[in-house]
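>>> no sequence for this one, just the structure:
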């Protein structure tokens with residue numbers, strides 16, 4: 001996906017194929033928020049917006065796009081196994097490791113996005129005021145990406161009856177609750193007179 005143009009990628013997303021799907025899109029949403037955050041940072045002044053932050057955002061944006069491609073690959077493998085094992089009595093045992101593998105790219109993207117969103121919240125009130133709408137959009141898109149990535153992790157855990165793996169993943173997702181509330185609050189309060 002990272003090498004395809006946006007128009008082609010959107011066409012692939014719209015096709016009647018299982019991948020790319022929601023997981024890849026959620027990773028791409030996080031990448032887009034990160035790219036917009038990088039633009040806002042480039043136009044903002046002060047020590048909070050130095051080269052280290054901008055280089056990190058550029059690197060993380062590329063990493064999130066790679067995770068979108070990884071999500072597509074993992075889901076394609078799961079989908080093939082779903083079709084191949086329809087009448088297999090050992091279906092669950094065959095699908096379980098593939099379902100877990102399919103939860104890894106969105107989980108990794110979730111944790112990366114969570115870290116990026118926390119970085120964003122630490123500097124959001126100091127961004128260039130001429131980019132107020134862009135700053136607000138970063139908060140909104142990060143919130144949407146976090147919610148979407150959560151859904152994609154959870155759907156892959158649906159049939160995981162071994163409590164330890166699913167429990168660990170759910171615990172990791174819970175770390176995003178407070179940040180998601182802060183992003184939503186930032187968006188809701190944005191531009192209101194103080």
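On my side now, so go ahead. All values reported here derive from a predicted model rather than from experimental measurement.
>>> Would you point out which residue is most central in the protein?
Nearest to the mean C-alpha position of the chain, by Cα atoms, centre = their mean, lies residue 27 at 3.7 Å.
>>> Which helix or which strand is home to the closest residue to that one other than its chain neighbours?
Spatial nearest neighbour of residue 27, excluding adjacent residues (Cβ to Cβ, 6 or more residues apart in numbering): residue 68 at 3.7 Å. Where you see a C-beta, it was placed from the backbone N, CA and C, and this is true even at glycine. Under the criterion of DSSP states H and E, residue 68 resides in helix 51-84.
>>> Can you name every helix or strand that that helix contacts?
helix 22-43, helix 91-123 (3 or more Cβ pairs under 8 Å, 6 or more residues apart in numbering; DSSP states H and E).
>>> quick revisit: please tell me I have it right and the residue nearest to the centre of the chain contacts residue 64.
Yes. Between residue 27 and residue 64 there is a contact at 5.3 Å, judged by Cβ atoms under 8 Å.
>>> Now the common contact residues for those two.
Here residue 27 and residue 64 share the contacting residues residue 109, scored by Cβ atoms under 8 Å, 6 or more residues apart in numbering.
>>> Could you pull up the residues touching residue 101?
Going by Cβ under 8 Å, 6+ apart, the list of residues near residue 101 reads 74, 77, 78.
>>> among these, who's most crowded?
residue 74 (23 neighbours; other Cβ atoms under 10 Å).
>>> you'd agree it is up against residue 104?
Yes. If you go by Cβ under 8 Å, residue 74 and residue 104 touch, sitting 6.9 Å apart.
>>> pLDDT value on the nearest residue to residue 99 once chain neighbours are set aside, please?
In this structure, residue 99 finds its nearest non-sequential neighbour in residue 156, 5.0 Å apart by Cβ to Cβ, 6+ apart. pLDDT recorded at residue 156 is 87.
>>> List the contacts of residue 156.
Contacts of residue 156 by Cβ under 8 Å, 6+ apart are 78, 99, 100, 102, 103, 106.
>>> Please report how far the last one lies from residue 54.
The span separating residue 106 from residue 54 equals 26 Å under the rule Cβ to Cβ, to the nearest Å.
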